[in-house]
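Chemist: okay, predicted coordinates and the sequence, questions at the end:
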Amino acid sequence: MASIEDLFGKVEALIASDSPNNEKILLTLNEILLLAPDDADALRAKVVSLIQLQKHNQALEIINSKAALKDCLFEKAYCLYRLNRNAEAIDILGYSAKPKEDVKCSQLRGQVLYRLGKYAESAEVFATVNDDSTDPSELAVNRSAALCAAGDANKAIQILKGASSMLDATSDMQYNLACAYLERGDMEDALASLDEAERLFVEQSQEDGLSPEEIEDGKIVFDVQRAYARQRLGQQEAALAGYEEALRRRPTDAEVGAVASNNLFSLRGKEQGLFDTAKRAKALVLEEVVEGKLTARQRRVFSLNRCLVALHTHNLRECARALEKMEKEHAGSELPALVRAAMLARERRMEECRSLLQGHAEANAGTA
């Protein structure tokens, strides 16, 4: 049987290889842990390997069960973030930087705050990250996304243009610039930036050795955003064709497919047949991890459209389920009250409908 020292040497060689095999690394670490179950170095390395293999639940279980890993706060917060348990992640990270904190904790804090819908706070965190090992283009992308979601498209554009003047532009930078132009209402500039983002994506993908099929799949996100820009320009037929073509190509990115389906429903609404509407409705039911990647505004629109699809197809039971989810996630919004009123009207319970709307108006006199 190999000694612990020999097994650690094997792990180091696997990690140092040009293409580390995390499955083999994990198997070797398990051999070490059979000999020394509480070896802190082996446990930490196992957590990292599990994270690399996208096995975040398993990594979290080990962190929580081993006293030797009580200081693995970054890894624990990262697993929670990847599992969309963002409130727990921010409890570990805190809302502000700690003295002598590793820069990776600050970056993760910015990502978690973004997921929690605290976009201005997220942008502030990314603005404070200053480290030679951090990719400045990535920081510009993250900060601009947070600013754009916070409603400050002008600042996002300023940051991205400033970064592009000092660095080689990347596809992500150009894509976020397009999103900022969309937020500001500059559709033609957005379309031009999307074209440039796609060109850079194809160029980089070819250099990285991606297959033609992978490249075509990656281009769908640009087509969906182009369709949205054309929708905003009033070019409804072009937008409709863009969304339908994107869905026909079956994007592997579930978020892209969901946004295309949602926008298509928003565009067509009741013009769709009942069967087609019901079919599209399935795309609006997202996995929790996918939904967690959407902005707060996107999640509100998805929630509303799920309810509207159910109403349109006369599925009041499904509408009630979608409404319950909406009330939990968007308690401060007027949308739940409006959807419940629509359900009452559909059931011809008009007196209850009027009473609900009047009560909501009185309780929200400043905004209703």
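Modeler: Perfect, I can see it now.

Chemist: any regions of the stretch 251-368 of the chain where pLDDT drops low?
Modeler: Regions of the stretch 251-368 of the chain meeting the criterion pLDDT under 70 cover residues 269-293, 331-332, 364-368.

Chemist: how does it look with 80?
Modeler: 265-306, 308-316, 328-335, 346, 357, 360-368 (pLDDT under 80).

Chemist: avg pLDDT for stretch 160-167?
Modeler: In this model, stretch 160-167 carries a mean pLDDT of 88.

Chemist: what comes up buried for that stretch?
Modeler: For stretch 160-167, the neighbour count (16 or more other CB atoms under 10 Å) marks Leu160, Ala163, Ser164 as buried. Every C-beta, even on glycine, is put in place using the N, C-alpha and C of the backbone.

Chemist: can you put these in TSV and add secondary structure and distance to Arg143?
Modeler: Formatted as TSV, those follow (DSSP: H, G, I helix; E, B strand; the rest coil; distance: CB to CB, whole Å):
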residue	secondary structure	distance to Arg143
Leu160	helix	9
Ala163	helix	9
Ser164	helix	14
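
Chemist: which one of those sits closest to Asn263?
Modeler: Taking CB to CB as the measure, Asn263 lies nearest Leu160 of the buried residues of stretch 160-167, at 23.8 Å.

Chemist: residues contacting the closest one?
Modeler: By CB atoms under 8 Å, 6 or more residues apart in numbering, the residues touching Leu160 are Ala140, Val141, Ser144, Met173, Asn176, Leu177, Ala180.

Chemist: kindly report the same for Ala45.
Modeler: Taking CB under 8 Å, 6+ apart, one finds Val11, Ile25, Leu29 in contact with Ala45.

Chemist: which one (most neighbours) among those residues?
Modeler: Highest neighbour count within the contacts of Ala45: Leu29, with 27 neighbours (other CB atoms under 10 Å).

Chemist: so what's that one closest to, chain neighbours aside?
Modeler: Leaving aside its sequence neighbours, Leu29 sits nearest to Lys46 (CB to CB, 6 or more residues apart in numbering; 4.6 Å).

Chemist: can you give me the mean pLDDT across the helix or strand containing the one you found?
Modeler: Following DSSP states H and E, one finds Lys46 within helix 40-52. Average pLDDT, helix 40-52: 95.

Chemist: which SSE is immediately downstream of it?
Modeler: Following helix 40-52 in sequence, per DSSP H and E, is helix 56-65.

Chemist: quick one: mean pLDDT over that following helix.
Modeler: The predicted model assigns helix 56-65 a mean pLDDT of 96.

Chemist: show me the contact partners of it.
Modeler: Residues contacting helix 56-65 (CB under 8 Å, 6+ apart): 43, 46-47, 50-51, 69, 72, 75-76, 79-80, 82-83.

Chemist: so which of those residues is the closest to Arg306?
Modeler: Of all the contacts of helix 56-65, Arg306 sits closest to Leu83, with 22.8 Å by CB to CB.

Chemist: the closest residue in space to Leu356 that isn't next to it in sequence sits in which helix or strand?
Modeler: Ranked by CB to CB, 6+ apart and with sequence neighbours excluded, the top spatial neighbour of Leu356 is Ala341, at 5.2 Å. In this assignment (DSSP H and E), Ala341 forms part of helix 335-346.

Chemist: now do the contacts for Ala197.
Modeler: By CB under 8 Å, 6+ apart, the residues touching Ala197 are Ser171, Asp172, Gln174, Tyr175, Leu177, Ala178, Phe222.

Chemist: tell me which stretches of the stretch 51-200 of the chain form helices.
Modeler: 56-65, 73-82, 86-93, 103-115, 119-128, 136-149, 153-166, 171-184, 187-207 (DSSP state H, counting those that start in this stretch).

Chemist: may I see these organised as CSV, with distance to Ala320 added?
Modeler: Listed next are the helices of the stretch 51-200 of the chain as CSV, based on distance: least, CB to CB, whole Å:
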stretch, distance to Ala320
helix 56-65, 31
helix 73-82, 31
helix 86-93, 26
helix 103-115, 28
helix 119-128, 31
helix 136-149, 30
helix 153-166, 37
helix 171-184, 34
helix 187-207, 38
